[in-house]
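Enquirer: Predicted structure and sequence below. I'll ask about it afterward.
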Amino acid sequence: MGAVKLKTKMFYNIFMKKLVEVKHLSMKYPITDGLFGNIKGYIYALNNIDLEIYENEILGLAGESGSGKSTLGNSILKLITPSSGEVLFNGENILSKSKKDLKLFRKKAQLIFQNPFMSLNPRMKIFDILKEPFIIHGYKDNKEINEKIKKIISLIGMQEEVLFRYPHEFSGGQRQRIAIARALILSPEFVVADEPVSALDVSIQAQIVNLLLQLKTHFNLTMLFISHDLNIIKYISDRIAVMYLGEIVEIAKTDELFSNHKHPYTQALLDAVPVINESKNEKKVILSSELPSNENLPTGCKFHSRCPYVKEKCKTCEPDFYDINIGHKVRCFLYEEKN
Ligand code: SF4
């Protein structure tokens, strides 16, 4: 990212509060067939995910398209209902919340969508788009609402005159600023940003990422930042989780993941990122085939059909997580003996 670095380093310690805890989360979609919709199989989108997101951190979620990143983000916000497992927010399981309690949760946890062209209602002026969350949550004080709208417009670096225009009058980057303003206008504690810059021109991606960092500080936000772009993930995240076929295969602090990654899949993702002046002698992991189908998951280690280090055991047994370092875990038999 060619921009001024706004990020300060996050220091982890045992007293840090877990804002979000994902426990044994799985999601499978039935595949139906025929007139009566008989179930002929399942698509396994998430498989027994355990994950913690600490208060005030940005956790990056990396992986190829189809790895389950968005499904995990949507499940954490209960925009979809997972098949099994728990999502604790401030210690409470949001998956078992009543409609009324879920509405309160929605005020505290928001989603920033990938596509700013789809996420804003084209028939509404920006003022009404920003006012809508207040109406949904029963705010009545118009003076307070107007002040908050003016404040957020200034925070996203726009002028008040934009409030009386329609979404189609803005560029992609401006629309994404407005979509971010809408997500943050009720001062949530937690945001899932799902590929928030991938639909934008490369020249403005850095501006939006830096805006998110500024707003994260301003609102004291905790964020799950989903992206397939490792350069962006590296720039914005405090920690990174790597997903493959619905599972997390490696998780570590950002510096550690880039300097001391262990999983062959993480290695392959990093090897796919173009680097200037790279050494010709370095051994690279090239992904040899397509991502296997979520319908017929490989047995054993899900990565075994593409792994250059595969052993017989990998084809039948599922690896557990092995500790590499403090906060650094990897799901691969290569590190079994070192534990
Ligand atoms: Fe490769 Fe085996 Fe490790 Fe899976 S467990 S990543 S197949 S070495």
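Expert: Arrived safely.

Enquirer: which parts of the stretch 201-339 of the chain sit against the ligand?
Expert: 264, 301, 303-304, 307, 309-311, 314, 319, 332-334 (CB under 6 Å from any ligand atom). In this view, the C-beta of every residue, glycine as well, is placed from N, C-alpha and C.

Enquirer: Mark which of these are buried, thanks.
Expert: 264, 301, 303-304, 307, 310, 314, 319, 332-334 (16 or more other CB atoms under 10 Å).

Enquirer: Save these as a markdown table, and put in distance to Ser237 too.
Expert: Listed next are these as a markdown table, based on distance: CB to CB, whole Å:
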| residue | distance to Ser237 |
| --- | --- |
| Pro264 | 21 |
| Cys301 | 25 |
| Phe303 | 22 |
| His304 | 28 |
| Cys307 | 25 |
| Val310 | 29 |
| Cys314 | 29 |
| Pro319 | 24 |
| Cys332 | 21 |
| Phe333 | 27 |
| Leu334 | 25 |
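
Enquirer: So which of the residues of the stretch 201-339 of the chain next to the ligand are in helices?
Expert: Counted as lying in helices by DSSP state H, out of these, are Pro264.

Enquirer: on that earlier part again, turn the buried ones among the residues of the stretch 201-339 of the chain next to the ligand into JSON lines, including pLDDT and distance to Gly73.
Expert: Converted to JSON lines, those look like this (pLDDT from 0 to 100; distance: CB to CB, whole Å):
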{"residue": "Pro264", "pLDDT": "96", "distance to Gly73": "25"}
{"residue": "Cys301", "pLDDT": "97", "distance to Gly73": "24"}
{"residue": "Phe303", "pLDDT": "95", "distance to Gly73": "22"}
{"residue": "His304", "pLDDT": "95", "distance to Gly73": "27"}
{"residue": "Cys307", "pLDDT": "94", "distance to Gly73": "26"}
{"residue": "Val310", "pLDDT": "94", "distance to Gly73": "30"}
{"residue": "Cys314", "pLDDT": "97", "distance to Gly73": "29"}
{"residue": "Pro319", "pLDDT": "96", "distance to Gly73": "25"}
{"residue": "Cys332", "pLDDT": "97", "distance to Gly73": "24"}
{"residue": "Phe333", "pLDDT": "97", "distance to Gly73": "29"}
{"residue": "Leu334", "pLDDT": "96", "distance to Gly73": "29"}
